[in-house]
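>>> coords please:
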Amino acid sequence: MSDIIKLLPDHIANQIAAGEVVQRPASVVKELMENSIDAGATKINLIVKDGGRTLIQLIDNGSGMSETDARMSFERHATSKISSADDLFRLQTKGFRGEALASIAAIAHVSLKTKLHDAELGTEILIEGSRITSQNAVSTANGTSIAVKNLFYNVPARRNFLGKDTTEYQKILEEFLRIALVHYDLDFSFHHNGDEVYVLPAVKSLRLRIVGIYGPRFNERLVPVSEETDIVKITGFVTKPDTERASNDRCFFFVNNRYFKDRYFNHAVMAAYDGMIPSGKYPPYFLYFEVPTQSIDVNVHPTKTEIKFEESQFIYQILRSSVKQALGQHNIVSTLDFEQETSFNIPMLKKGETVKIPEIKVNPDFNPFHTTPNREDKNTHLSDGQASAIQSQGFAKLKPSKEDWENFYGESKNQHSEADSEDEDSETPQQVTISSSLHEDLSAGQEGKKKPFQVNDKYILTSVKNGFMLIDQYRAHCRILFDEMMAKITDGNVKSQQLLFPEELIIDKTEKVFWQQLFSTLQAVGFDLQLEGDAVKILAVPVELKDKNPQRVLTDLMDEYRHSEQTTLDFQARIVAGVASAMAIKGGTRLNSEEMLYIVDALFASTSPQVSPKGKKIIETITIDELTKRFN
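From the prediction side, this is the model:
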C-alpha cells in the first residue's frame, strides 16, 4: 500500500491558518494595528472601504523594515518578538506568533510599502494569495503602509458568510477603539468610505481619551477606580448606574495594555452594581490590570483575546471590592436613606438676634405603659406641656384604633392564625404569591368566564379543558401590541404625539452611521427625528409612547439594533418589536381580573400566541396527567 500522508503546500497551510487568525475584516485591522504599535509608531491612520471587503489600509510612522525583513514578514512563523519558548511567559509586545501577515496574504491582495528611517529608499512588495508578484525599491515615507484588498477573494464561501457592510464596519470600529483606549498617548485616525469617523490626537490621560471618543458629556459619568495589591494593580473608570445600557459594547478589560474578554471578571463588576441597575443592563467600564507577565498565559487562542490568570479568584475579589469602594466613595452605592438630620441645618441669624436656649419640659408622672381608657379622654393623663406639644405638632385630632396598631406592627390575628397553620407544611424556601379577584364584582359580560389568577405579579394562570396554562404577561402584551402596531402600519394609520418641548439625545460617533440607517424606519412607525451634529432631536413619538421616556426608548432600540442576533423579523418589524417591548407591562405589575382577561383574550386573537415578537415562549401548558404524575 502506497503512502497517503503528504505535507501540505505553504499556500494551503496559510489558508488553513487564516481560518483561525482572520475570521473577518476586523481581524485584519486588529493584527495590522498591533504590528504598528509594536513597531513604535506614534501616528496610525486606518482607511476602510465597504466594511473592509474592498480595502483595509493602515499607514504608520513606525520603525519600518529592511528589504529582507519585509519579505520575511510574510513567511509563516517568522517573527521578531520571541526567540525561545520562555519568551512566551514574559511577552511585552502585542504580536508574537508570526502568523498574521502570512495568513492575510493567503486570502487577499496585499500591497506593502515600508522604509527604515535612516534609509534612502524603501521596499514595495505585491502579493496575491501567498504568491509574491512584485518586489521593488521605491521612494516612500518613513514607516509602513500596508493595503489589504479583496479579502477572501479566493475563498468564496468565507466571503459569502460575511455580514453586511454596516455589521463589518461595527466590528472594525470595536477593534479600533480597543486599541485607541489603551494607547491614549498615540495619534489615531479612522476613515470609512471617505468619511472621517475619528481623529484622536494623543492625550495625557485615559479620561481625556474616553471623553474624546464618547463625547464631553460622558466625563461627568465616569467614576475613577484605583487599587494596588501584591497580586494586581487595577486602574481605570466605571460609570454611574444611570448610564447603563442594553448592550455591553462599552465594557472593556485590559491587562498589561492588551484587551481581553472575561465573563468571570465581568461578573465581579456586575456584582458590585448589585441592586443599582436592572437585570440585563450593563454599565460601561474601562478597567486596566497590571500583573507580572509570568502570571498570565496569552497564548490560549489565536486571536489573543482569551487570557488565563494564575490568581483569577483573588483578582475577582479585589476587582469586586475596588469597584464597590469606588462607587461608595462617590456616594453612588445605595444606602439606608433616613430622614435628613436637622442638626446639620444651622439657621442663619439676623443682625441683633440672640440664640434662644431651648426649653425641655418633662412630666415626672408620665407612665408609658398606662393605657388610655377611651379615645375621647386620651389627653387627660398628659401634662399641659405634653398636650400643647402634641397639639402644636398637629397630632391632637388623631384617634388610633385597634386596627391602626395592628397595621403598625404589620400583623393581624388572621395573619397569626394563617402563619400558625402553615408552619407544618412550609417546606419551600421561596415565597410565591398568587393574587386573584375572588372578592371583585365582574361585569355582566364576564360573569360566565373563569377567573384567572396572577402568580408573583408576573404570570397569568388560567384553566383549560385538560389542565391549566401559565402565560408570561409581559411577553403576551408584547405580542398583542406588536400585532396592533403592525396592523396600523399596514393600513397607514400610524399616529404620532408631538412633544411640547423637543428633546435631544446625545450620540457618539460610533452610533451616527446606524442612526442614519434607522431614520426612515423610525419615521414609518411614528417618530419624528432630526439628526443635528452629535445629537438626535426628538420632535414626536408614536402615540402609544406618549407616557414613556423617548430618550430611553430610542437608546434601547439602537442598542438592540446594533447587537441583537439575526432574526426572521425584517428591519421594520424589529423596530416595532422594540417599541412594543417598551410599551408592554413589565413583570411585577399587579393586574386586576379585567386586565388579565383582556390579555388572555387578545393573546389568543393574535397571529402567533405561542411566541413573542422576538421568538420567546409565552405559554406553558401543564396537563392534569402531568400534575397527577407529580403527586404520585
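
>>> what does the closest residue in space to residue 122 that isn't next to it in sequence show for phi and psi?
The shortest distance from residue 122 to any non-neighbouring residue, by Cβ to Cβ, 6 or more residues apart in numbering, is to residue 115 (2.9 Å). Heads up, the C-betas are built off the backbone N, CA and C, glycines and all. Backbone torsions of residue 115, given as degrees, to the nearest 10, read phi -150, psi 130.

>>> can you name the residues bridging to residue 115?
Beta bridges link residue 115 to residue 143, judged by DSSP bridges.

>>> could you tell me how many residues sit around it?
Counted with other Cβ atoms under 10 Å, the neighbours of residue 115 add up to 26.

>>> how near is it to residue 66?
Separation of residue 115 from residue 66 (Cβ to Cβ, to the nearest Å): 9 Å.

>>> shared neighbours, these two?
residue 123 (Cβ atoms under 8 Å, 6 or more residues apart in numbering).

>>> can you get me a residue count around residue 243?
Counted by other Cβ under 10 Å, the residues lying close to residue 243 total 19.

>>> just the pLDDT for it.
In this model, residue 243 is scored at 86, pLDDT.

>>> residue 607: neighbour count?
Neighbourhood size, residue 607 [other Cβ under 10 Å]: 10.

>>> now do residue 464
Neighbourhood size, residue 464 [other Cβ under 10 Å]: 12.

>>> that one touches residue 621, doesn't it?
Yes. Look at residue 464 against residue 621 with Cβ atoms under 8 Å: they come within range, at 7.1 Å.

>>> where are the low-confidence patches of the chain?
1-2, 4, 8, 10-21, 76-98, 299-304, 332-355, 367-450, 563-569 (pLDDT under 70).

>>> other SSEs contacting the top strand by length along it?
Ranked by residue count and defined by DSSP state E, the top strand of the chain is strand 496-506. Helices and strands touching strand 496-506, by 3 or more Cβ pairs under 8 Å, 6 or more residues apart in numbering; DSSP states H and E, are strand 535-542, helix 550-563.

>>> quick one, the shortest one and helix 550-563 angle?
Using axes from the mean of the first three to the mean of the last three Cα atoms, to 10 degrees, the inter-axis angle of strand 535-542 relative to helix 550-563 is 100 degrees.

>>> now strand 535-542: buried residues?
By 16 or more other Cβ atoms under 10 Å, the buried positions in strand 535-542 come out as 536, 538, 540, 541, 542.

>>> out of the helices and strands packed on strand 496-506, the one nearest residue 181 is which?
helix 550-563 (18.5 Å; Cβ to Cβ).

>>> and the angle from the next helix or strand after the closest one to helix 550-563?
With elements assigned by DSSP states H and E, the helix or strand that comes after helix 550-563 is helix 571-583. Following the same axes, to 10 degrees, one obtains 140 degrees for the angle between helix 571-583 and helix 550-563.

>>> and helix 571-583, how far out from the chain's middle?
19 Å (Cα atoms, centre = their mean, to the nearest Å).

>>> so what secondary structure elements neighbour that helix?
helix 473-491, helix 509-524, helix 550-563.

>>> what comes up buried for it?
573, 574, 575, 576, 577, 578, 579, 580, 581, 582, 583.

>>> among those, which one sits closest to residue 243?
residue 582 (18.7 Å).

>>> look up how far residue 547 lies from that closest one.
From residue 582 to residue 547 the distance is 11 Å (Cβ to Cβ).

>>> equivalent analysis for residue 630, please.
Per Cβ to Cβ, residue 630 is found 43 Å from residue 547.

>>> cool, and residue 205?
As judged by Cβ to Cβ, residue 205 and residue 547 stand 42 Å apart.

>>> check residue 203 too.
Residue 203 sits 42 Å away from residue 547, going by Cβ to Cβ.

>>> compare neighbour counts for those two and give me the winner.
The neighbour count for residue 203 versus residue 547, taken as other Cβ under 10 Å, is higher for residue 203 (16 against 8).

>>> quick one: contacts for the more buried one?
184, 185, 209, 212.

>>> try residue 53
Contact partners of residue 53, counting by Cβ under 8 Å, 6+ apart, are 25, 150, 151, 159, 162, 165, 168.

>>> make a PyMOL selection of whichever of these turn out to be buried.
To isolate the buried members of these in PyMOL, using 16+ other Cβ under 10 Å:
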select buried, resi 25+151+162+165+168
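
>>> sitting in helices, which of the contacts of residue 53 do you find?
25, 159, 165, 168 (DSSP state H).

>>> got the CA coordinates for stretch 522-539 in CSV?
Below are the C-alpha coordinates for stretch 522-539, written out as CSV (Å, rounded to 0.1, in the frame of the first residue of the first chain):
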residue,chain,number,x,y,z
LEU,A,522,-38.3,55.1,12.8
GLN,A,523,-40.3,57.7,10.9
ALA,A,524,-42.5,55.0,9.5
VAL,A,525,-43.5,53.8,13.0
GLY,A,526,-44.4,57.3,14.2
PHE,A,527,-41.2,59.0,15.4
ASP,A,528,-40.2,62.5,14.1
LEU,A,529,-36.5,62.9,14.4
GLN,A,530,-33.7,65.2,13.2
LEU,A,531,-30.0,64.4,13.2
GLU,A,532,-28.1,67.6,14.1
GLY,A,533,-24.4,67.1,14.7
ASP,A,534,-23.8,64.7,17.6
ALA,A,535,-27.4,64.8,18.7
VAL,A,536,-30.8,63.4,17.7
LYS,A,537,-33.6,65.9,18.1
ILE,A,538,-36.9,64.2,19.1
LEU,A,539,-39.9,66.1,17.8
